[in-house]
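S.K.: I would like to see how this sequence folds:
(2 chains, ligands or ions: 2)
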Amino acid sequence: MRRIISVLLENEPGALSRVVGLFSQRNYNIETLTVAATEDPTLSRMTVTTRGSDKVIEQITKQLNKLIEVVKLVDLTDGAHIERELMLIKVKASGAQRDEIKRTTDIFRGQVVDVTGSVYTVQLTGDSDKLDAFIQAIGTACVLEVVRTGVSGIARGEKVLSI
Amino acid sequence: MELLSGADMIARFLQDEGVEHIYGYPGGAVLHIYDALFRQDKVKHILVRHEQAAVHMADGYARATGKAGVVLVTSGPGATNTVTGIATAFMDSIPMVVLCGQVPSALIGEDAFQETDMIGVSRPVVKHNLTVRHPEEIPVILKKAFYIASTGRPGPVVVDIPKDMTTPNERWKYEYPKKVKLRSYSPAMRGHSGQIKKAADMLLAAKRPVIYAGGGVILGRASDKLIELARMLNFPVTNTLMGLGCYPATDRQSLGMLGMHGSYEANMVMHHADLILAVGARFDDRVTNAVDKFCPGARIVHIDIDPASISKTVEVDVPIVGPVDSVLKEMIALIKESKEEVDAEALASWWAQIDEWKAFHGGRYVTDDTEKIKPQQVIEALYRVTGGDAYVTSDVGQHQMFAAQYYKFDKPNRWINSGGLGTMGFGLPAAMGIKLNFPDEEVVCVTGEGSIQMNIQELSTCSQYNLPLKIVNINNQSLGMVRQWQDMNYESRHAQSYMKSLPDFIKLAEAYGHVGLKVERLEDLEPALKKAFAMKDKLVFLDIYVDPYEHVYPMQIARGSMKDMWLSKNERT
Ligand SMILES: Cc1ncc(C[n+]2csc(CCOP(=O)(O)OP(=O)(O)O)c2C)c(N)n1
Ligand SMILES: [Mg+2]
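M.R.: Numbering: from 1, shown residues only, chains lettered A, B, ... in the order given. Ligands and ions are numbered 1, 2, ... in the order given. Model (predicted):
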C-alpha cells in the first residue's frame, strides 16, 4: 500500500543522506521525498512516500525512528490528512491546442505561468493523482518537460507533528 | 577553565571518561592526537599491526566487560581498514567508539592525499557517526559518541576528526561533560507493564514452554534474572550462538544452542513448544530456518530493547520493548504475586519428552578411527583442561560451531565470537583485547588454519605487549565449513576450499617469539594442552591436526522447519 511518512529530523549535514541510505540499504522503495527546514531552523521536515506491505511499512517507521537524527515521525496515511504536490509542466501549445490546454488547465485549477508563441508552462498543485490526471488529460504527446516536487503532507484537524 | 588544544582535549577526555586502553595505528591525519597521547600516561595506546585488528581488540574487550572499546586510526586507508571490524561490532550490537583522522577541513572534497569519506563509508555499519566541525565541540561530541555507543541497543560509533581540529597551537576551553542529552534519542527505560502482565499470565498457562535467550541478555546484564525466572518456572532454556553462557550450559534445564547447528533437543523443543519466551534474541535466519514453518504451535512473547527487532522476521504475539533486566525483574515479581501456578503436570510430561530427546542424540559424533583426532575431541579436552572457566574467542567455520557445541559455558561474557557477520580473523585480536584487560584469566582463541591467517600478523603485537594467550588451531587443512557445504550441496566439488601451502605454524609462532606445539595423535592431545596452559607467561600456538573430513551436526535442512535436521552424514530427522 502507498504510505506517506512525515519525519521531523535534526537539520544537520548528513541527516538526509542517512535517511536515503536507510531506504536503499534495506531495500525499501522511495516514491517521492521532500525536505526543507521548518520554522525552527534546527529542525527539518521531510515527507517520504513509499509502498509496501504493512509489515514492511512497520519496519520502515521503526528503522527510521532508530536513526539518531530522527526526532519524531508519523505515518500520515493512518489518519485523515492533506497531501499536496506541485508540478511545473511545459507543453507544446500552438494553434487550436492553445485553447484546449488553457481550458484543461482551468478545469484542473492550474495556472499558465509562462508563455511563448508555441509553449505554455503550467503550474499545478494537488495530490499526486490529480497531477497524473492532468498529464493524461492533455496527452503525453504534447508534454515537453515535467518537474514535480514530490509530496508534502500534513494531518487534518488539531493533530500536529512537533517536539 | 582549562585551555587545551583539540588533540589534548581528546587525550584528556579519554582520561576523564575512564578509558584505560585504546587500540590503533598512527598516520598523518592523527599525528597531533598521537603527540597528545605521548605527553600523558593514563591512557595506554596499543599498537596493532593492522587496523582491523585494533577494532577486534576493542571489540573483544567490550564483549568481555560490557564497556565501550576505543579505537584510533588515521584517515583514508587507516579508516577503511577498520570497516570489517566496525561491521562485525555492528551486527552483534557491541559498544565501541572509533576515532578516525580526516584530512584538514579545507581539503575535504578535493580528493586530498588519504582522503576517504568515512562518514559515508561507515554509515550502513554504525549505530551513528559524527563529524567534528569545531575544536570546541570535541568534548561534547566524544561524550555523545560514548553515550550513543553504550546505551539502548549498543553499537559502534565513528567520529571523524579533520586534522585542523587538533592543531596544537590553538587552544579552547575544556570541560568534561558529565552528561549529554539528545532530544532525538531516548532508549526505552522500562517495558510496558500491561504487556509484561499479559506475558506473565501466558507463561503460567503454558504447557510446553521454552525460553529462547540471546546475546541481548548478556549485553543487558540480565543473566541472573533469566536464571531466576527459568528456575522459578522450571522451564527449559536454549541459547543462541550469541547468548551462550547467559544461562549455565551445565544446568539441568539447559538445552544448549539452537538453530542451524543447534542441539537436537533444542530444535525439537522449539518446534513443539506451545509458548516461546524470546529474550534479547532476534529470530535470525540462522536460528529460525524457514520462517513460514517456524514453530507452528507456539505463541511468542518477545522482550527486546530494540523495537525494530520485534516482528521483523517472525510475527510475535506479545512484544515487550525495554531493557531485559528490568522487564524480567518485573515479570518475576508478577509471577511471584500471581495466584496462578505453573501446570506442574503438563510440565512434567514436557520434561519427560525433553529428556527423551536429550538421550536420543546427546551431541554424539563418530569416532571410528582412534588415531585421528576429531575436532570435537579438541574442544572437549580444552574444556576439561581449562575447567570450563576460560574466556574462549573463536574465528569462523567448523571450529567455531564445535566450540559453541562442546565447550559448556556457565558464565556470560566468556564466549566471544562474531555471530552476526561471521568474520574470519576476529578470534586472535579479540582474545588479545581480553588478555590485555584480564591478565590473570585464561584466554583461548579457537581457530582454524584458514581464519588464523587473516590476522596472523598480530602475533607480533602479542610479543610487544606480552599477551600469553593460547591459540588452539584446529587444523583440518581445509576451509572446513565451505567444504562441508560443498560436500552436501555440490557433490563434493571442493572449489577453492583447500588450504594448500600451509605455513609451518610452529616456526611461525617461534619467529614471533612464541612457543609452538604440533599435535597429531589423540593420545598427545590432552598432555599438549596441559603443557600449553602450564606455560603461564607464554603465548602458545597449538597446531592440532584433525580429521579433515568431519562435518558439523546437527545441521538444519535448508527451507525446512526447526526440527528438520541432518544428524550425521546419513541420518536425518
Ligand atoms: C572474512 C571471511 N571470508 C570468508 C568467509 C566464508 N567462510 C566461512 S567459514 C570459512 C572457512 C573457514 O576455514 P577455517 O578457518 O580453516 O575453519 P574450519 O571451517 O576449517 O574449521 C569461510 C571461508 C568468512 N566467514 N569470513
Ligand atoms: Mg580449517
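
S.K.: tally of neighbours for the residue of chain A found nearest ligand 1?
M.R.: Closest residue of chain A to ligand 1, CB to the nearest ligand atom: residue A:25 (20.3 Å). All C-beta spots, glycine's among them, are computed from the backbone N, C-alpha and C. Neighbouring residues of residue A:25 were enumerated by other CB atoms under 10 Å in any protein chain shown; the total is 12.

S.K.: not counting its neighbours along the chain, what's nearest the residue of the stretch 451-573 of chain B at minimum distance from ligand 1?
M.R.: The nearest approach of the stretch 451-573 of chain B to ligand 1 comes at residue B:480, 2.6 Å away (CB to the nearest ligand atom). Setting aside the residues directly before and after it, residue B:480 is nearest to residue B:398 in space (CB to CB, 6 or more residues apart in numbering or on different chains), at 3.9 Å.

S.K.: what residues are up against the one you found?
M.R.: The contact partners of residue B:398, taken as CB atoms under 8 Å, 6 or more residues apart in numbering or on different chains, are B:375, B:448, B:474, B:476, B:480, B:481, B:484, B:550, B:551, B:552.

S.K.: return the member of those nearest to chain A.
M.R.: Taking CB to the nearest CB as the measure, chain A lies nearest residue B:481 of those, at 26.9 Å.

S.K.: give the contact list for the closest one.
M.R.: Residue B:481 touches B:396, B:397, B:398, B:401, B:552, counting by CB under 8 Å, 6+ apart.

S.K.: need these in CSV (columns: secondary structure, distance to residue B:342 and pLDDT).
M.R.: Below are those laid out as CSV (DSSP: H, G, I helix; E, B strand; the rest coil; distance: CB to CB, whole Å; pLDDT from 0 to 100):
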residue, secondary structure, distance to residue B:342, pLDDT
B:396, coil, 40, 98
B:397, coil, 41, 98
B:398, helix, 39, 98
B:401, helix, 34, 98
B:552, coil, 35, 98
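
S.K.: please pick the buried ones from those.
M.R.: Neighbour counting with 16 or more other CB atoms under 10 Å in any protein chain shown marks B:396, B:397, B:398, B:401, B:552 as buried within the contacts of residue B:481.

S.K.: what sits against the first one?
M.R.: Translated: residue B:396. B:417, B:418, B:422, B:423, B:424, B:426, B:451, B:481.

S.K.: skipping adjacent residues, who's closest to the fourth one in space?
M.R.: Nearest residue to residue B:423, sequence neighbours excluded (CB to CB, 6+ apart): residue B:88, at 4.5 Å.

S.K.: need the contact list for the one you found.
M.R.: Residue B:88 sits in contact with B:55, B:56, B:59, B:94, B:418, B:420, B:421, B:423, B:426, where contact means CB under 8 Å, 6+ apart.

S.K.: dump those residues into TSV; add neighbour count and secondary structure as well.
M.R.: What follows is the contacts of residue B:88, written out as TSV (neighbours: other CB atoms under 10 Å in any protein chain shown; DSSP: H, G, I helix; E, B strand; the rest coil):
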residue	neighbour count	secondary structure
B:55	34	helix
B:56	35	helix
B:59	30	helix
B:94	31	coil
B:418	30	coil
B:420	20	coil
B:421	18	coil
B:423	27	coil
B:426	32	coil
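
S.K.: let me know the closest of the residues you listed to residue B:76.
M.R.: Lowest distance from residue B:76 to the contacts of residue B:88 (CB to CB) belongs to residue B:55, with 16.0 Å.

S.K.: surely that closest one and residue B:94 touch.
M.R.: No - checked against CB atoms under 8 Å, the pair residue B:55 and residue B:94 is beyond contact range at 9.9 Å.

S.K.: burial count for residue 62?
M.R.: In the absence of a named chain, chain A is used. Neighbour tally, residue A:62, other CB under 10 Å: 17.

S.K.: please refer instead to chain B.
M.R.: 29.

S.K.: I figured it hits residue B:69, correct?
M.R.: Yes - if you go by CB under 8 Å, residue B:62 and residue B:69 touch, sitting 4.1 Å apart.

S.K.: what touches both of the two?
M.R.: With CB under 8 Å, 6+ apart, residue B:62 and residue B:69 have common neighbours B:94, B:95, B:96, B:433.

S.K.: need these in CSV with distance to residue B:250, secondary structure and pLDDT, can you?
M.R.: Converted to CSV, the shared contacts of residue B:62 and residue B:69 look like this (distance: CB to CB, whole Å; DSSP: H, G, I helix; E, B strand; the rest coil; pLDDT from 0 to 100):
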residue, distance to residue B:250, secondary structure, pLDDT
B:94, 26, coil, 98
B:95, 29, coil, 98
B:96, 31, strand, 98
B:433, 27, helix, 98
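
S.K.: closest one of those residues to ligand 1?
M.R.: Distances from ligand 1 to the shared contacts of residue B:62 and residue B:69, taken by CB to the nearest ligand atom, are shortest for residue B:94, at 17.3 Å.

S.K.: okay, the closest one and residue B:258: tell me how far apart.
M.R.: When distance is defined by CB to CB, to the nearest Å, residue B:94 is 22 Å away from residue B:258.

S.K.: which residues does the residue of the stretch 451-573 of chain B closest to ligand 1 contact?
M.R.: B:397, B:398, B:399, B:448, B:450, B:497, B:548, B:550 are the contacts of residue B:480 under CB under 8 Å, 6+ apart.

S.K.: likewise for residue B:305?
M.R.: Neighbours of residue B:305 in contact, by CB under 8 Å, 6+ apart: B:152, B:153, B:187, B:188, B:216, B:220, B:280, B:321, B:322, B:323, B:324.
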